[in-house]
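>>> model the structure of this input:
(2 chains)
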Amino acid sequence: MAPESTFNGGKQADRGQALIGRSVVINGELNGSEDLTIEGQVDGKVELKDHTLTVGNEGRVKAHVFAKSVVILGELVGNITASERVEICENGSVDGDIVAPRVAIAEGAHFRGSVDMQKRGQSASSGLAGTLAASSSRATA
Amino acid sequence: MPDDERRSSLRGWLSRVGASLTGAGGDVDPGGSGGDAVHLSKALPRFFSAMEARPAPVLLDLGPVIGGNVSLLGDSLGCKVYIDNIFGDPQRASRDRRESEDCSGIGVELRHPDDSIDGVLCWDVFEHLSQAAASKLVLNLVRIMKPGGMGMAIFSTERAPHPQFVKYSMVDRQHLRHRVTRAAVPPPRVWTSRDVQLLLTSFAVDESFLLTHQQRETLFHKSAAAGHHPRA
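Numbers count the residues shown, from 1 in each chain, chains lettered A, B, ... in the order given. Next up is the predicted model:
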């Protein structure tokens, strides 16, 4: 399953953002070219190249995630590769490795894994090297 | 006690509390926390300098995840940071330990490849481990650290007045905020200088600082000659 733009089983959230509702379960691959909020359950892979993935309070994601920005309020198990920013909010939970130039982990968040903020060209192991933002200004919560 | 004497005594006590909160004696409060104490660290700036000298360093933090620490390390060093909070929920670990008086159940096995870590942060770790578990952890650190890799450890030199765990939050490259969390039982060990020396015999101890707030900060490194990796 590789929906484009409009997510099968989803609906439009506020401000025109795509939403996977809390009763929706998806097994497979999600590709999109718009921001997406997941309040349901997704197992597989999520790819939103130039957009933001938000795992909502009710969201349960078991997937390797590729996106511009990722915001986690619910649970995510899997690796995250973001070209801009990853934010784990209070009560958010991540078990996996993060590769991103900016990472913010709030007080009360759960995190288990590694955070790779190595600058462009530094990391031999990171597959994100080509997509890391050049920006050196990094502000985190 | 006469009123004047009582007032004087109270003023003295308030003065001491105030000095403690503002970190007198070399400690400052640049963050103006108004609660958790902020202390000057002697080891932290040296740890940063050592890591800066290493290209794309890989760090391991054995404490609970502190978002500000991850951000500061990443921003300053452009590094990769592993968070291996070996206690999980410290209060739960503490309760578990009280039941068994045995730290053998705490996961001091570190699942990292040999010679893969440039720097290790061991704060509020050893206090809560038995001698056997602490020694096992050190052997694991010897195995996973790269030759020349540096570790920074903090040891308490006096028993805490209350059962507690401490989260160390970097205010900047020189200051640590000590965020005290109540726990179910007191820390089981106080580490003397001799204890620390014995614990770290597998490493070369670079510097050890006994600070005004009764904590010892120790910097150690794995010597380049340490080629073999004793299995824990």
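
>>> wait, B:Val196 sits on B:Leu219?
No. B:Val196 lies out of contact with B:Leu219 (C-beta atoms under 8 Å); the separation is 11.5 Å. All C-beta atoms are positioned from the backbone trio N, CA, C, and that covers glycine.

>>> and the helices in chain A?
For chain A, helices defined by DSSP state H do not occur.

>>> do you know how far B:Arg194 is from B:Glu217?
The gap separating B:Arg194 from B:Glu217 is 17 Å, by C-beta to C-beta, to the nearest Å.

>>> the more surrounded of those two?
B:Glu217 (22 against 8; other C-beta atoms under 10 Å in any protein chain shown).

>>> once you drop chain neighbours, what's closest to that one?
Leaving out its chain neighbours, the residue that sits closest to B:Glu217 by C-beta to C-beta, 6 or more residues apart in numbering or on different chains is B:Ala43, at 3.8 Å.

>>> check B:His213 too.
In space, B:His213 is closest to B:His39, 5.4 Å off (C-beta to C-beta, 6+ apart).

>>> which helix or which strand is home to that neighbour?
Assigned by DSSP states H and E, B:His39 belongs to strand B:37-40.

>>> which residues in the chain form strands?
Since you didn't name a chain, this refers to chain A. Remark: strands assigned in chain A by DSSP state E are A:11-12, A:18-20, A:25-31, A:36-38, A:41-55, A:60-72, A:75-77, A:80-88, A:93-95, A:98-99, A:102-105, A:110-116.

>>> actually chain B
Using DSSP E, strands in chain B cover B:37-40, B:58-61, B:80-83, B:117-123, B:145-156, B:164-170, B:175-182, B:204-210, B:215-221.

>>> could those go into a markdown table alongside mean pLDDT and distance to B:Leu137?
Converted to a markdown table, the strands of chain B look like this (pLDDT from 0 to 100; distance: least, C-beta to C-beta, whole Å):
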| stretch | mean pLDDT | distance to B:Leu137 |
| --- | --- | --- |
| strand B:37-40 | 92 | 24 |
| strand B:58-61 | 95 | 11 |
| strand B:80-83 | 93 | 15 |
| strand B:117-123 | 95 | 8 |
| strand B:145-156 | 94 | 10 |
| strand B:164-170 | 86 | 17 |
| strand B:175-182 | 86 | 21 |
| strand B:204-210 | 93 | 16 |
| strand B:215-221 | 93 | 13 |
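
>>> for B:Ala50, find the nearest of these.
strand B:145-156 (4.6 Å; C-beta to C-beta).

>>> partner strands of the closest one and their direction?
Applying DSSP bridges, strand B:145-156 is found paired with strand B:117-123 (parallel), strand B:215-221 (antiparallel).

>>> and those, which is most packed in?
strand B:117-123 (a mean of 23; mean count of other C-beta atoms under 10 Å in any protein chain shown).

>>> circling back to that earlier point, pick out the shakiest of the strands of chain A, pLDDT-wise.
Ranked by mean pLDDT, the strands of chain A bottom out at strand A:11-12, with a mean of 49.

>>> who in chain B is up against chain A?
By C-beta under 8 Å from any C-beta of the partner chain, the residues of chain B that approach chain A are B:55-56, B:65-68, B:70-71, B:73-75, B:78-83, B:85.

>>> repeat that with 7 Å
Contacts of chain B with chain A, taken as C-beta under 7 Å from any C-beta of the partner chain, map to B:55-56, B:65, B:67, B:70-71, B:74-75, B:78-83.

>>> mark which of those residues are buried, thanks.
Taking 16 or more other C-beta atoms under 10 Å in any protein chain shown as the criterion, what is buried in the residues of chain B next to chain A is B:56, B:65, B:67, B:70-71, B:74-75, B:78-83.

>>> let me see the ranges of the helices in chain B.
Going by DSSP H, chain B shows helices at B:3-22, B:43-52, B:67-77, B:90-100, B:131-144, B:193-199.

>>> re earlier: can you check which of the strands of chain B gets nearest to A:Thr52?
Here strand B:80-83 is closest among the strands of chain B (C-beta to C-beta), at 23.4 Å.

>>> now tell me what touches that closest one from outside.
With contact meaning C-beta atoms under 7 Å, 6 or more residues apart in numbering or on different chains, strand B:80-83 is reached by A:111-116, A:118, B:58-61, B:65, B:70, B:73-74.

>>> CA atoms of that strand as CSV?
Written as CSV, here are the backbone C-alpha positions of strand B:80-83 (Å, rounded to 0.1, in the frame of the first residue of the first chain):
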residue,chain,number,x,y,z
LYS,B,80,26.1,10.6,17.8
VAL,B,81,24.8,10.0,21.3
TYR,B,82,23.5,6.7,22.6
ILE,B,83,21.3,6.8,25.6
